[in-house]
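A.B. asks: Task: produce atomic coordinates for the following.
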Amino acid sequence: MQLDTSDLDQYCGKSFGGGQLREPISNTDIRRWVQGMQYPNPLHYDDDYAAASRFGRLVAPQSFMVNCDIGHGSMPSIFGKIPGSHMIFGGDEWWFYGPRAFAGDQITVNRQHLDYRVTETKFAGPTVFGRGDNTHVNQRGEEVSKQRSTSVRYLAEEARKRGFFGEAAPRPTWTPEQLDDLSTRRMAWIRSGLGGESPSFADVDLGTKLPTFPIGPHTVQTFVTEWRSFISVVWGATRDLYADFSGLDAGWLPEMSRDLEAMEIDPALGDGLYAGGSRGHTDSDAAAIIGLPRGYGYGASMGAWALNYVAYWAGDAGFIRHSNIQYRFPPFEDDATLLDGEVVNKEHDTTLGVPIVTVELTMTNQDGAVLAKGPIEVELPE
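C.D. replies: So this is what the prediction gives:
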């Protein structure tokens, strides 16, 4: 199988437009987000709790910034046409600059294609890893964050022939005792961060292990709830949705494409979940078309889980400055996801002038397969 990348070079380094949120973000948007990401931190949904916090009101979690974009933040990494291709997320790198997001903020996203490389992978052979940047700016002109997304684009026919994930990701079965154990461990994790107290930089030791955060087992219902927590999938919530987007005609399979004319009359036909590239997340037949054995989770959700996990441990006074998480294996339907972290570095950042603790995050499933991995650098109080 030959993967044609001849159309990609012309877009490298170029900026482009695309969808922007029509209205400022709301408290309901923030609440819906943490509900979809299964992040029960009352700072982001409980008015009374938030009013008594250092913020004095509901504040968006740092993971929320990907919710201010379209396409789960993947758009800048998808550019040029690769006939017969599909894409999954390959990772996210984030920089956070200081401003927090609250209800009433109007976020604008500036986008730029970066580059790509071709690598041989076990699941699809020659595979394109594309990168692009989203910079999030509030109504005061302050840069809130930057997301550098990585897309993995591959030939669906080759992935179907290889059937890699069918062998590597058998569908698990769960006993009542195992489900009870997941629930108990999840409740223990929630209790570990209640109150929002932050560990001090001085009191955190190298080798400190964060409590495990279980999510799942994943179901079609949880995947749909994640999808519906994104503002951009609400009918009419964005303007200029596909304006000046070079990845619109990207060589997608006909079965996974959108009918842009029909969606002007029936928006469900451009929804992405009912019709379009995201169908495979919740439809096993559609998943099979793109070489995956059953419904699977979203890369943007995995990124949010990682940021929320470390932010919860860091408490209300903590602030994530940088993360760089690589996605290695999808969370499939009926799988559970386990997040673990270990403090691997402490330093006073000379550029920022703040104390930084680095947590090495590892995300695995019930079989020990590594779903995601990478460092998250978080500022802690002295």
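
A.B. asks: what bridges to V128?
C.D. replies: Note on V128: beta-bridge partners by DSSP bridges are V118, R153.

A.B. asks: I should have written L338 there, sorry.
C.D. replies: Beta-bridge pairing of L338 under DSSP bridges involves P214, T364.

A.B. asks: hmm, who's touching the lengthiest helix in the chain?
C.D. replies: Scanning the chain for the helix with the most residues, using DSSP state H, yields helix 176-193. Residues outside helix 176-193 that contact it (CB atoms under 8 Å, 6 or more residues apart in numbering) are 40-41, 211-217, 312-313, 315, 336. Where C-beta positions appear, they are placed from N, C-alpha and C, glycine not excepted.

A.B. asks: mind running it again at 7 Å?
C.D. replies: Residues from elsewhere that reach helix 176-193 (CB atoms under 7 Å, 6 or more residues apart in numbering): P40, P211, T212, F213, P214, Y312, W313, A336.

A.B. asks: List just the nearest of those to G125.
C.D. replies: Closest approach between the contacts of helix 176-193 and G125, by CB to CB: A336, at 29.9 Å.

A.B. asks: Let me know how buried the closest one is, in neighbour terms.
C.D. replies: As a burial measure, A336 scores 21 neighbours (other CB atoms under 10 Å).

A.B. asks: which residues does it contact?
C.D. replies: Counting by CB under 7 Å, 6+ apart, A336 makes contact with L182, P214, I215, G216, P217, N365, Q366.

A.B. asks: From W33, how far off is the residue lying closest to the last one once chain neighbours are set aside?
C.D. replies: Nearest residue to Q366 in three dimensions, chain neighbours excluded: A336, at 4.8 Å (CB to CB, 6 or more residues apart in numbering). Here A336 is placed at a distance of 22 Å from W33 (CB to CB, to the nearest Å).

A.B. asks: before we move on, what about G163?
C.D. replies: Where W33 is concerned, G163 sits at a distance of 35 Å (CB to CB).

A.B. asks: These two: which has the busier surroundings?
C.D. replies: The neighbour comparison of G163 against W33 (other CB under 10 Å) goes to W33, with 25 against 14.

A.B. asks: Could you confirm the more buried one falls within a helix?
C.D. replies: Yes - under DSSP: H, G, I helix; E, B strand; the rest coil, W33 sits within a helix.

A.B. asks: Correct me if wrong: it contacts F64.
C.D. replies: Yes - using CB atoms under 7 Å, W33 is in contact with F64, at 5.4 Å.

A.B. asks: tell me, what's touching these two both at once?
C.D. replies: Here W33 and F64 have no joint contacts, going by CB under 7 Å, 6+ apart.

A.B. asks: quick revisit: of all the contacts of A336, which comes closest to S229?
C.D. replies: S229 lies nearest to I215 out of these, by CB to CB, at 14.1 Å.

A.B. asks: Not counting its neighbours along the chain, what's nearest that closest one?
C.D. replies: T337 is the one closest to I215 (CB to CB, 6+ apart), at 4.5 Å.
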